[in-house]
Every structure is written in structure tokens, then in C-alpha cells.
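Novice: Kindly generate the corresponding structure for this input.
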Amino acid sequence: MASRIVCCKIDDELAAAMDVMRDKHVRRLPVIGRDGTLAGILCLDDIAYEAGQSLRGGTNYRLREKVADVFMAISH
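Specialist: Sure thing, here's the model as predicted:
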């Protein structure tokens, strides 16, 4: 029996996709395009990398906190 696939849509906000990752305890999330086909894979490691990059000369602390929140949820 196949289980339901956890995914997000290409138009979803990043925060909403990360909420799904946290709630479902997944590090990778398929992204579905408008035509219903796979558009890509959202990976928590890639988001964490981007969270460490400068944002217009500053640091994106909100994204860092969100990444930490998801990592903590997944590791429990």
C-alpha cells in the first residue's frame, strides 16, 4: 500500500514549506509545479546554507531561526 506523499507547490511560501518539513519530520520536500509535475526538491541543507549567507549586507536571522526550528523538530 502506498502512503501519501508529502510535498509543496511551487507557489508556496518558503516558511510554509518549512512548516511542512518540521511537522512531517522530513529534510527534503518535493516541489510540484503548476502542471502537477515535479519541479524540484527543496532541501533543508540548502536552506541552511542560504541562511548563513549575507542578506543585503546583513544576516537573515529569521531564516536561521526557522532552520534551527526545523532541525530540532526532525531530530527528536
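
Novice: can you count the residues close to the nearest residue to Val6 once chain neighbours are set aside?
Specialist: Leaving aside its chain neighbours, Val6 sits nearest to Lys24 (4.7 Å; criterion: CB to CB, 6 or more residues apart in numbering). Quick note: C-beta positions are derived from backbone N, CA and C, even for glycine. Lys24 is flanked by 12 other residues according to other CB atoms under 10 Å.

Novice: Repeat that for Cys8.
Specialist: Neighbour count for Cys8, taken as other CB under 10 Å: 20.

Novice: Can you give me the separation between it and Glu65?
Specialist: For Cys8, the distance to Glu65 (CB to CB, to the nearest Å) stands at 20 Å.

Novice: cool, and Asp12?
Specialist: Using CB to CB, Asp12 is found at 19 Å from Glu65.

Novice: Please say which of the two ends up with more neighbours.
Specialist: Set Asp12 next to Glu65 and count neighbours by other CB under 10 Å: Asp12 wins out with 17 against 11.

Novice: State the helix or strand in which the residue nearest the centre of the chain lies.
Specialist: Closest residue to the average C-alpha location of the chain: Met18 at 3.8 Å, with CA atoms, centre = their mean. Using DSSP states H and E, Met18 sits within helix 14-24.

Novice: so for that helix, what's the average pLDDT?
Specialist: When pLDDT is averaged along helix 14-24, the result is 95.

Novice: which other residues reach that helix?
Specialist: By CB atoms under 8 Å, 6 or more residues apart in numbering, the residues outside helix 14-24 that reach it are 6, 8, 26-27, 29, 31, 42, 44, 47, 63, 66-67, 69-70, 73-74.
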